[in-house]
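S.K.: The following block contains a protein sequence and its predicted model.
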Amino acid sequence: MRVRTAVCVIALLLVAVVGNVDAAGAPRSGHIYWSNFADGTIGWANLDGTEVDQGFITGITDSGYPTALAADSKFIYWGTYDPGNHEVGTIGRATLDGRRVDRAFIIPDGAVAGVAVDSRYIYWSNQFAGTIGRARLNGRQVDQSFITGTSTLFGVAVDDQHIYWVNGNSETDSTIGRANLDGTEVDQSFIEGSYLWAVAVNGQHIYWTDYEGYYGPPGALSYLGRANFDRTGVDENLITTPYDVADVALTAGYIYWAVADTGAIARANLDGTRVDEEFIIGGNSPWGMAVDG
């Protein structure tokens, strides 16, 4: 069974906003975020693609460049990756209005390629150390080896029962792993595939991205796939694209993904229909994706 992947969080209801706050003066809600890897910035827009700001948060270059993103009802989180030094990395955080930026909120075990949050914890992939880290949402009780026994890591996702991650990124050695939220019952090959990159989950399905268009032979396509939580109903080619697909994020109605080579954010219905490859344009090697809520 081939499968492709991608990192992620489920969105909340859209609220009325004025600038960076809602009508009551509270931090914004119902927005999409992406990391512009080449610029060291995080972009932002409404879920309908309006009010685009490619420099919503800037200056994320202290320990590499921004990769994976995650968001909850208060904060946006990001990991960093330095192509020249895999042993350094950071996890940063800012409030949803782009303020209170902490570029070293957590110091991981090297480069970070995936970040996810739930109501209690933040999780991340220590990409080359081969471990999943975990900490409280206040940044305390850091455990760099919450889950071990993994290979080179990429995307991470979490729901109310499990944590998911991507192992490897080759044609013959790439899987989605899964474990209980307490780190038990680890299954390193929950789904098997090739060139997997990112993973996202909602209440019904698991989605992933396949980066074959980047790592595969010339002319290779990339894919977004989907399956039920019991691994039935696998559709490896839910969406097919000639572009380089990176991270993915979900809302109640849509799937969004970063298109690294064109600088775009794409969008489609959750069933893979009505694909818009240029839903948002103007990014610079977008990588990570998140929606707040």
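M.R.: Structure's in. What do you need?
S.K.: residue ranges of the helices in the stretch 151-293 of the chain, please?
M.R.: 212-215 (DSSP state H, counting those that start in this stretch).
S.K.: pLDDT weak spots in it?
M.R.: Applying pLDDT under 70 to the stretch 151-293 of the chain flags residues 169-172, 212-219, 293.
S.K.: Run a quick neighbour tally on A266.
M.R.: 23 (other Cβ atoms under 10 Å). For glycine as for every other residue, the C-beta is placed from the backbone atoms N, C-alpha and C.
S.K.: Number of residues surrounding the nearest residue to G89 once chain neighbours are set aside?
M.R.: What sits nearest to G89 in space, not counting adjacent residues and going by Cβ to Cβ, 6 or more residues apart in numbering, is A111, at 4.4 Å. A111 has 25 neighbouring residues, counting by other Cβ under 10 Å.
S.K.: what's the distance between A111 and G233?
M.R.: Noted for A111: a distance of 34 Å to G233, by Cβ to Cβ, to the nearest Å.
S.K.: Same check on E192?
M.R.: Using Cβ to Cβ, E192 is found at 16 Å from G233.
S.K.: quick one: which of these two has more around it?
M.R.: Taking neighbours as other Cβ under 10 Å, E192 and G233 compare with E192 leading, 15 against 11.
S.K.: these two touch, right, that one and T175?
M.R.: Yes: judged on Cβ atoms under 8 Å, E192 makes contact with T175 at a distance of 5.2 Å.
S.K.: Before we move on, what's the pLDDT of A104?
M.R.: Looking at A104, its pLDDT is 89.
S.K.: Tell me who's in contact with the nearest residue to it once chain neighbours are set aside.
M.R.: The shortest distance from A104 to any non-neighbouring residue, by Cβ to Cβ, 6+ apart, is to T90 (5.0 Å). Applying Cβ atoms under 8 Å, 6 or more residues apart in numbering to T90 gives the contacts 62-64, 79-80, 103-108, 112.
S.K.: Kindly indicate which of these lies nearest I122.
M.R.: Nearest to I122, judged by Cβ to Cβ, of those is I106 at 7.2 Å.
S.K.: how much space is there between A198 and S174?
M.R.: As judged by Cβ to Cβ, A198 and S174 stand 12 Å apart.
S.K.: Over to S285?
M.R.: Taking Cβ to Cβ, one finds S285 at 22 Å from S174.
S.K.: With R267 instead?
M.R.: For R267 relative to S174 (Cβ to Cβ), the value is 25 Å.
S.K.: still on that earlier bit, have a look at S285 and S174 and say which one is more surrounded.
M.R.: More crowded of S285 and S174, by other Cβ under 10 Å: S174, with 30 against 18.
S.K.: Do I have it right that the more buried one meets V199?
M.R.: No: in this structure, S174 is not within contact of V199 by Cβ under 8 Å, at 11.3 Å.
S.K.: what is in contact with those two at once?
M.R.: Counting by Cβ under 8 Å, 6+ apart, the common neighbours of S174 and V199 are V166.
S.K.: could you dump the contacts of T90 to CSV with neighbour count, secondary structure and distance to A94?
M.R.: Converted to CSV, the contacts of T90 look like this (neighbours: other Cβ atoms under 10 Å; DSSP: H, G, I helix; E, B strand; the rest coil; distance: Cβ to Cβ, whole Å):
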residue, neighbour count, secondary structure, distance to A94
D62, 14, coil, 14
S63, 22, coil, 16
G64, 23, coil, 17
G79, 33, strand, 13
T80, 27, strand, 14
R103, 18, strand, 9
A104, 13, strand, 12
F105, 18, strand, 9
I106, 22, strand, 13
I107, 14, coil, 17
P108, 24, coil, 17
V112, 30, strand, 16
